[in-house]
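K.L.:
need a 3D model of the sequence below.
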Amino acid sequence: MVNCERLPPSIPTGEFADRRRKLAARFRRLKIDAFLVTALPNIRYLCGFTGSNGALLVLPGDAVFFTDPRYTTQSAQECDCPAQTVEGSTLGGVAREIASRNIPRIGFERNRISFLAHDFLRGKLPATLNLIPVEGEVEKLRMVKSQAEIALIRASVQLNSEAYERALARFKPTMRECDLALEIDLQMRRLGAEGTAFETIVAAGERAALPHARPTHQKIGANRLLLVDMGASLDGYASDMTRTAAVGKPSQPDRDVYHAVLEAQRAAVAAVKPGIRVHEVDRAARSVLDRHGLGSFFVHSTGHGLGLEIHEPPRLGQKEKPVLEEGMAITIEPGVYRPGQVGVRIEDTVLVTARGCEVLTPTSKELRLL
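P.N.:
Numbering: from 1, shown residues only. Predicted coordinates:
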């Protein structure tokens, strides 16, 4: 297992330049001459910078990173391309660079930039320059993971499961939901995570019927189900796992719901392979729950991609059309939520392989009695 003394795998420096070349190869189709990247996860993906402020100008065969004086040293250490420190507005420095290069058509991330930032750029750039909205191009590249990324996700998954085991070793029914959530987060940190990939969900009994319940000061109690949804962030890469355990002796109806969800989750995992459309994976889970009369209580998609962000394309929903490809990292997480009664979700992180898939999550899915 990953621990504080063991460094996680890292992304080879040359991989960032390869990613930028793949992005630049799309410029002709997009009818742009350069691309301004402002979303921090996309910047990290393309040049390695991990700070909180920056912009990356990607050109054919070239790239320039911009940040503020707080990150002068860090950007020099992390970025594999030239980095400029800008006094004042970072986007102001970007605008000056674009104007000096006389670039006629600049693509920008329409789904990632604020209206205020767009307005600012438009006001600083020559009127003859075209700002062209582009959506999801870097995210499309990010969907298929490299071997280095897969190694990081695998390590994050292992750390996440170990943190779960360590937290449950300290579990008592008298704990509050927030106490268990805190214990989980603490164990992740002790094992070497830089933090959680999202806010840890701990929900007991009828509160588990809230798909995104936030931990409360309510005691967990006995003879009910306990849902935990957790993910670690390790060197930027996320893991995601949900397990539903039984505290004491659960009722037979609760057991029945659990086993129906488990059957649905396994059916969806079995459907994962290259070439299948994501809505077919969703249908595999949904058809099982329909057969058990529980389909109307499954209120979200069957899963999503993950990597540098906890939610990435593709989304495994009923109407989604993308095709799974080898190297995609996704979650499989059907659930049943009966308001005021019970909630069950079971989730694994799954890697699409050449002939099917590999479930990366090592934690057992059998109903665990605490």
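K.L.:
got the contact list for F49?
P.N.:
F49 makes contact with I43, L56, F65, T67, Y71, Q74, S75, E78, C79, A83, according to Cβ atoms under 8 Å, 6 or more residues apart in numbering. For the C-beta atoms, the positions are set from N, CA and C on the backbone; glycine is no exception.
K.L.:
I'd like the distance between it and P41.
P.N.:
For F49, the distance to P41 equals 11 Å [Cβ to Cβ, to the nearest Å].
K.L.:
where do the helices of this structure begin and end?
P.N.:
Along the chain, counting by DSSP state H, helices occupy 13-24, 27-30, 40-47, 72-78, 90-101, 115-124, 137-143, 147-168, 177-190, 252-271, 278-291.
K.L.:
make a markdown table out of these and add distance to G107, mean pLDDT and mean neighbour count.
P.N.:
Listed next are those as a markdown table, based on distance: least, Cβ to Cβ, whole Å; pLDDT from 0 to 100; neighbours: other Cβ atoms under 10 Å:
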| stretch | distance to G107 | mean pLDDT | mean neighbour count |
| --- | --- | --- | --- |
| helix 13-24 | 10 | 95 | 17 |
| helix 27-30 | 6 | 97 | 13 |
| helix 40-47 | 12 | 98 | 23 |
| helix 72-78 | 23 | 96 | 15 |
| helix 90-101 | 12 | 94 | 18 |
| helix 115-124 | 12 | 94 | 13 |
| helix 137-143 | 8 | 98 | 20 |
| helix 147-168 | 24 | 98 | 22 |
| helix 177-190 | 37 | 98 | 20 |
| helix 252-271 | 36 | 98 | 19 |
| helix 278-291 | 27 | 98 | 21 |
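K.L.:
how about the ones you listed, which one is nearest L226?
P.N.:
Closest approach to L226 among the helices of the chain (Cβ to Cβ): helix 177-190, 8.2 Å.
K.L.:
orientation of that closest one relative to helix 147-168 in degrees?
P.N.:
Angle, helix 177-190 to helix 147-168, by axes from the mean of the first three to the mean of the last three Cα atoms, to 10 degrees: 130 degrees.
K.L.:
sorry, back to before: what's the closest of the contacts of F49 to R26?
P.N.:
Lowest distance from R26 to the contacts of F49 (Cβ to Cβ) belongs to L56, with 15.4 Å.
K.L.:
of the contacts of F49, which is the nearest to V144?
P.N.:
I43 (19.1 Å).
K.L.:
is the nearest residue to R110 once chain neighbours are set aside in a bridge, and if so with what?
P.N.:
Excluding the flanking residues, the one nearest R110 by Cβ to Cβ, 6 or more residues apart in numbering is P133, at 3.6 Å. Beta-bridge pairing for P133 (DSSP bridges): F108.
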